[in-house]
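A.B. asks: Turn this into a model:
(chains A and B)
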Protein chains: 2
Amino acid sequence: MNVAIVGASGAVGQELMRILAERKFPIDHLTLFGSKRSAGREYLYEGKPHIVKELQHNDDFKDIDVAFTSAGGGTAKEYAETITKYGAVLIDNSSAFRMDADVPLVVPEVNAKDALERPRNIIANPNCTTIMMVVVLQPIERLSHIKRIHIASYQSASGAGAAAMAELQQQYKELVETGSVKTINKFPHQLAYNVIPQIDVMTPNDYTKEEMKMYNETRKIMHSDVRTSATCVRVSSLRSHSESVWFETERPLTVDEVRQALASAPGVTLEDDPQHYVYPMPLESAGKDNVYVGRIRKDLANDNGLTLWLTGDQIRKGAALNAVQIAEYLYQQGDLK
Amino acid sequence: MNVAIVGASGAVGQELMRILAERKFPIDHLTLFGSKRSAGREYLYEGKPHIVKELQHNDDFKDIDVAFTSAGGGTAKEYAETITKYGAVLIDNSSAFRMDADVPLVVPEVNAKDALERPRNIIANPNCTTIMMVVVLQPIERLSHIKRIHIASYQSASGAGAAAMAELQQQYKELVETGSVKTINKFPHQLAYNVIPQIDVMTPNDYTKEEMKMYNETRKIMHSDVRTSATCVRVSSLRSHSESVWFETERPLTVDEVRQALASAPGVTLEDDPQHYVYPMPLESAGKDNVYVGRIRKDLANDNGLTLWLTGDQIRKGAALNAVQIAEYLYQQGDLK
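C.D. replies: Next up, the predicted model:
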């Protein structure tokens, strides 16, 4: 298998390299691509040096079987034709193609088969907060149709990239050393000791793009008419997002039914013993593969509702891992090469 | 007016002194009380030194007109009789008496008159997250009855007291200086760079006490059958809590109706221009009196619902300020002395 990573120097690009190696994805040849700025950088993959090539409109993708792109929506759109024209499957991490009718939007635990129908040979990797939520909700959907979702997120700096994580650390360093924050570039406001109720830009209905992704992508992935209202919030953790989720089902479910469904669900780890201070937290799910779920209980405001708390690593399951799992599925199905 | 503060050395006690001075509460004599440990400490009030007396079962409250207690539920219960027996009005900040049928639970903007009916001469100050929420929801309740509330909180270290705030700062100091956290005493887990989905202990239905306070206290203060499901979460900010709130009303309300009602509501400041990055944040509401509201929009999952985001200083409106406002109301009504 010849594999390409576009955006190799970014937080997700670096995680893609780690995950491909960890999971022993059958790679004959790995090619790293990046912007003009990052071209020439060298990274080790399985102990061997790989030099980042500049992404250009040429025939570099002629022998590539699968290309992971994590370089923003603009780059993805501009280079999709270049990447796919000789048959490479493009698995894109941006929001550029997610809602296109002829591009499948895939979370393998939920709708793996959608990846087999891809008229443009593009598969979209969903938004991180949506991926984590649907991995947990799909096993519940099988018990009874989910009609409504309310979700408040607690998103880490990692969602804005490696430089944003460094900025948050820098802000705390400045606070400890000088008592005030000087560096505010990656977020619209100081994030240290703060909470910012905005992720991505606003849309006309006063929901942010991030919040509307949760509405639209959840419907597409789950093939559902579910209605979602999300408030997406940045908090001052480094890595791993958390979500407080309420959902209403067609028939009332018990906590035990839901807990059993989640205990055996792929990609999910139950961590639900709050009487002993056990529940998912971002500090502990960072760097791990699964989505962690706890605090499962009845919704006191809705007889057909339940509520739960989930945490997952935004860079792994929320991005790089999910993309690699899509490629693994295609490979297992004999659909790559 | 002779005023007493019990628990004068705590975060709320100190804030009570500041607020009484700021608002020029008509004090003839201020007496500070504390535990054996804090007895003897000296604090300035209006430039004059006041020494903390040890709280004891004696006649110290004989000439007191109003006593603010912020010393925990155990102390409040133990000393209520001692404090009130000669006629002092006790305004207690703990949860000890809040749900007692013969103790009014008061947020002046919502149910001030309840403070006039107090068979035991005790008035309870509600839980901080509840105070902030009802100040915002009561003007909406007047437009149409609120039937359900879903709320996810983002609560600062201040909710656990001054020592907890210092511990969070210490954790970031240790991270900056040594790369790891050593000091974990006030919270069940490391809070720096983390999010902890538990505040107070668990109850049998797997909601925490803090979450059940929001359910029960909201009903009592608003004289309502509203059903509330809350997830209360500690985040790593120092002061000021935030809340993401969804509410369903009997008739569907427009965003404009709600915005207008809140624009003229007492104790509320509208800060709702997200297109220009304007919305409430804990870093900015810290130290201020009002509850700040923004991100008002339709609930995409419920035709009769809306959602909003609010932030308020937990030590001021969430505790000390609300208590002083209760005393001011009694004074204005000629009901003190």
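
A.B. asks: Across the sheet, point out what pairs with whichever residue of chain A sits closest to chain B.
C.D. replies: Going by Cβ to the nearest Cβ, chain B is nearest to residue A:152 of chain A, at 3.4 Å. All C-beta atoms are positioned from the backbone trio N, CA, C, and that covers glycine. When bridges are called by DSSP bridges, residue A:152 pairs up with residue A:231, residue A:244.

A.B. asks: right, and it touches residue B:197 too?
C.D. replies: No: the criterion here is Cβ atoms under 8 Å, and residue A:152 misses it with residue B:197 at 11.2 Å.

A.B. asks: Give me the common contacts of those two.
C.D. replies: A:244, B:231 (Cβ atoms under 8 Å, 6 or more residues apart in numbering or on different chains).

A.B. asks: if you count what's nearby, which of the two comes out ahead?
C.D. replies: Ranked by neighbour count (other Cβ atoms under 10 Å in any protein chain shown), residue A:152 and residue B:197 place residue A:152 first, with 29 against 23.

A.B. asks: any idea how far the more buried one lies from residue B:178?
C.D. replies: 33 Å (Cβ to Cβ, to the nearest Å).

A.B. asks: Residue A:208 too?
C.D. replies: 37 Å.

A.B. asks: next one: residue A:68
C.D. replies: 37 Å.

A.B. asks: So these two - more neighbours on which side?
C.D. replies: Taking other Cβ under 10 Å, residue A:68 and residue B:178 do not tie; residue A:68 has more neighbours (30 against 9).

A.B. asks: quick one: secondary structure of the more buried one?
C.D. replies: Assigned with DSSP: H, G, I helix; E, B strand; the rest coil, residue A:68 falls in the strand class.

A.B. asks: Could you pull up the residues touching it?
C.D. replies: A:3-6, A:13, A:16, A:91, A:93, A:320, A:323-324, A:327.

A.B. asks: and it, what are its bridge partners?
C.D. replies: What pairs with residue A:68, by the bridge criterion (DSSP bridges), is residue A:5, residue A:91.

A.B. asks: now residue A:269
C.D. replies: Bridge pairing for residue A:269 - DSSP bridges - gives residue A:292.

A.B. asks: and it, how many neighbours?
C.D. replies: Neighbours around residue A:269, by other Cβ under 10 Å: 19.

A.B. asks: Is it correct that it is in contact with residue A:291?
C.D. replies: Yes: judged on Cβ under 8 Å, residue A:269 makes contact with residue A:291 at a distance of 7.3 Å.

A.B. asks: which sections of chain A are below the confidence cut-off?
C.D. replies: Scanning chain A for pLDDT under 70 picks out A:337.

A.B. asks: For it, which helix extends over the most residues?
C.D. replies: The single longest helix within chain A, with elements called by DSSP state H, is helix A:162-178.

A.B. asks: now, among the contacts of residue A:68, which is nearest to residue B:276?
C.D. replies: residue A:93 (29.3 Å; Cβ to Cβ).

A.B. asks: List the contacts of the closest residue in space to the closest one that isn't next to it in sequence.
C.D. replies: Using Cβ to Cβ, 6 or more residues apart in numbering or on different chains and skipping residues adjacent in sequence, the residue nearest residue A:93 is residue A:70, 4.0 Å away. Contacts for residue A:70 (Cβ under 8 Å, 6+ apart) come out as A:5-7, A:10, A:12-13, A:16, A:92-94, A:319-320, A:323.

A.B. asks: Mind putting these into a markdown table with distance to residue B:78 and neighbour count?
C.D. replies: Shown next, in a markdown table, are the contacts of residue A:70 (distance: Cβ to Cβ, whole Å; neighbours: other Cβ atoms under 10 Å in any protein chain shown):
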| residue | distance to residue B:78 | neighbour count |
| --- | --- | --- |
| A:5 | 66 | 30 |
| A:6 | 68 | 28 |
| A:7 | 63 | 26 |
| A:10 | 59 | 24 |
| A:12 | 57 | 27 |
| A:13 | 61 | 26 |
| A:16 | 61 | 31 |
| A:92 | 64 | 27 |
| A:93 | 60 | 28 |
| A:94 | 61 | 19 |
| A:319 | 55 | 28 |
| A:320 | 57 | 28 |
| A:323 | 60 | 27 |
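
A.B. asks: Pull out the buried positions in the host helix or strand of residue A:329.
C.D. replies: Here residue A:329 sits within helix A:321-332, counting by DSSP states H and E. Neighbour-count burial for helix A:321-332, with 16 or more other Cβ atoms under 10 Å in any protein chain shown as criterion, is recorded at A:321-331.

A.B. asks: Just the C-alpha atoms of that helix, please, in CSV.
C.D. replies: Taking C-alpha atoms only, helix A:321-332 is exported to CSV below (Å, rounded to 0.1, in the frame of the first residue of the first chain):
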residue,chain,number,x,y,z
LEU,A,321,-7.6,7.5,14.3
ASN,A,322,-11.0,7.7,12.6
ALA,A,323,-9.4,8.4,9.3
VAL,A,324,-7.0,5.4,9.6
GLN,A,325,-9.9,3.2,10.7
ILE,A,326,-11.7,4.2,7.4
ALA,A,327,-8.6,3.1,5.4
GLU,A,328,-8.4,-0.1,7.4
TYR,A,329,-12.0,-0.9,6.6
LEU,A,330,-11.5,-0.3,2.9
TYR,A,331,-8.4,-2.5,3.0
GLN,A,332,-10.2,-5.3,4.8
